[in-house]
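Engineer: the following comprises the amino acid sequence and a computationally predicted model.
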Amino acid sequence: MGNRFVKERQKMTEGNKVELYLKDVFERECAYKIEQEEVEFIQTGIETIVQRIADKILDNNTLQGSMKVKFEKYFTGIVKRSPKNVFGVGSFYEGTRNNFPDEFDFILTLFCCEGTFEEYKQFLLEASVFNTVSDTFSQKVKELSEVDTNALIYTASDPKSQRKLYFSEYLRQHGPATWLRFIYESESNRKKEIDVDYVAALHITNRDVLNRVVNELCVLTEFAQETLSVGTCFCIGANFSLTQTEVRIMRTILSENHRKIYRILKYLINGHGDVDKLNNLGRFDKPYSSYMIKTVMIYHHYNCKTLGSVNLGPCILDVLDDLCRYENTSEFPSLYKVDYRTKIRCDLCLLTSLRSLTDYLRSMERLSGSSYDYERDKIKESISKKYLDTLDK
Ligand SMILES: [Zn+2]
C-alpha cells in the first residue's frame, strides 16, 4: 500500500514541474511569514486606531455640521450619519495581500444621503466636494497626531507583550484619499512600516438607487448579483464604487486555487512593489496594476473550465493567455460599463515580457518534476523589475 502511495506521488510530481514551482512561489513569496496571532494584532491595532480617528472627526459637531451643509444642497432627503462608518477594502480584506500585511485600505463613510439616483448622478458631476472634505479630514488627522498622540497608539492587552503599533507620519492626500503611515514593532523590536489609505465616501443603502447603479455599471451578471447581495455601495470622488463587491468576490466567491493564482501572478508580474517604481516614472505606457490582474482573474473565475482541479498550472496559463490578448488599456476588459481607468488608451509596456513569462511556464509544464530545482529554475525577478532595468540601460 505504502509503496503504491509513494509511487503515485512520484508520478504526480514528476509530471508537474510547473505545479511544484507555483507551489513554491506561493509558499516562499506570497504567504505571510508571520504567525496568525501577529496578523490579528496588526489588523486589530490598525482597525482600532482608524476607528478612533473616524470617531474624533465624526463626533466633532462643528465639523460634522460644516461637512453636512456641503452635501445637503445636492439631496432633497435627509443626510444622516452612516451607522457603520469604517469599511475595510483592498487586498488585505480580500485575502490577497502578499508577504506581509503592510497596507490597509479603508472607506470612511461620512453620510448616508436619502436621495434619488438622478440626485446622486448630479452630485457626482460636481463631486469636488469630497476634496474639500478630505482637506478638512487630513487637517484633523494632522492635529490629532500632534495633540492627542495616545489616540494613535495601540498596544497589546497583555502588559508583558512588547508589541505595539503607532502613528508615524502623514504621507499625502490625493483626491478623496488620505495616506497615513504607521509603525508596527514586533516582540523582538523589529520595526515595519504599515501604510493606511482612507477614502472619504457617501454610503448608499437605498435599494432603488442600488438597483439603478447595478444596471448602469455592471458588465457581469454574477457581479451584479453579488452587489445586490452586499446590499450597499459607495459614492467616492466622481464615481459610484462597488469595491465591497470586489472584496466579497475575492474573499469568498473565488476558489482557494484562484486566489492563490492571483497572488502568484501579482508576484511574478510586479514583485513586492516593483510596479510602484515603474509607475513613479510617470511614463505614458502602462504596466499591469494589481487591479487589472484582478479583473482578468474574476472573468476567469466565472468562465473556468477546470474549477475544482487541484492543479494551478492550467488556470494560471489560461489567465496569462487572457492577459496577453490586450495591447493597450482601452482594449482591456473592465467589470464596469463606465470605467475611468481604461478610458485613456495607453500601450501596455510589459506585454512582450508577459508573453515570455507565459512561454516559460508553459515549457515548464511539459517538463518532468523530477529534475526540478527552485533556486535554479525560478524566475529571478518580476517582469516589472526586468523592464525597469532595461530602461536604466
Ligand atoms: Zn481556473
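Structural biologist: Perfect, I can see it now.

Engineer: show me the strands in the stretch 51-200 of the chain, by range?
Structural biologist: Secondary structure of the stretch 51-200 of the chain (DSSP state E, counting those that start in this stretch): strands at 79-81, 86-89, 103-113, 153-155, 164-174, 177-185, 191-204.

Engineer: max-length helix in the chain?
Structural biologist: helix 36-58 (DSSP state H).

Engineer: so which bits of that one are buried?
Structural biologist: 38, 41-42, 45-46, 49-50, 52-54, 56-58 (16 or more other Cβ atoms under 10 Å). For every residue, glycine as well, the C-beta is placed using N, CA and C.

Engineer: run through the stretch 201-350 of the chain and note the low-pLDDT ranges.
Structural biologist: 339-342 (pLDDT under 70).

Engineer: hmm, back to that, most tightly surrounded among the strands of the stretch 51-200 of the chain?
Structural biologist: Among those, ranked by average contacts under mean count of other Cβ atoms under 10 Å, first place goes to strand 103-113 (a mean of 23).

Engineer: and the angle from it to strand 177-185?
Structural biologist: 140 degrees (axes from the mean of the first three to the mean of the last three Cα atoms, to 10 degrees).

Engineer: will you turn the strands of the stretch 51-200 of the chain into a markdown table that also has distance to the ion?
Structural biologist: Output for the strands of the stretch 51-200 of the chain, formatted as a markdown table (distance: least, Cβ to the ion, whole Å):
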| stretch | distance to the ion |
| --- | --- |
| strand 79-81 | 42 |
| strand 86-89 | 24 |
| strand 103-113 | 26 |
| strand 153-155 | 39 |
| strand 164-174 | 35 |
| strand 177-185 | 33 |
| strand 191-204 | 30 |
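
Engineer: just send these back as CSV, with distance to Met364 too.
Structural biologist: Formatted as CSV, those follow (distance: least, Cβ to Cβ, whole Å):
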stretch, distance to Met364
strand 79-81, 55
strand 86-89, 35
strand 103-113, 31
strand 153-155, 45
strand 164-174, 40
strand 177-185, 37
strand 191-204, 34
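
Engineer: so what's the residue nearest to Phe130 when sequence neighbours are not counted up against?
Structural biologist: Leaving aside its sequence neighbours, Phe130 sits nearest to Pro176 (Cβ to Cβ, 6 or more residues apart in numbering; 4.1 Å). The contact partners of Pro176, taken as Cβ atoms under 8 Å, 6 or more residues apart in numbering, are 130-131, 133-134, 199-201, 236-237.

Engineer: domain parsing for the chain?
Structural biologist: Using automatic domain parsing, the domains assigned to the chain come out as 36-250, 255-392.

Engineer: got those as CSV, with distance to Asn16 columns?
Structural biologist: Below are those laid out as CSV (distance: least, Cβ to Cβ, whole Å):
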stretch, distance to Asn16
domain 36-250, 23
domain 255-392, 5
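
Engineer: nearest to Tyr21, out of the ones you listed?
Structural biologist: Tyr21 sits nearest to domain 255-392 of all the domains of the chain, at 6.0 Å, using Cβ to Cβ.
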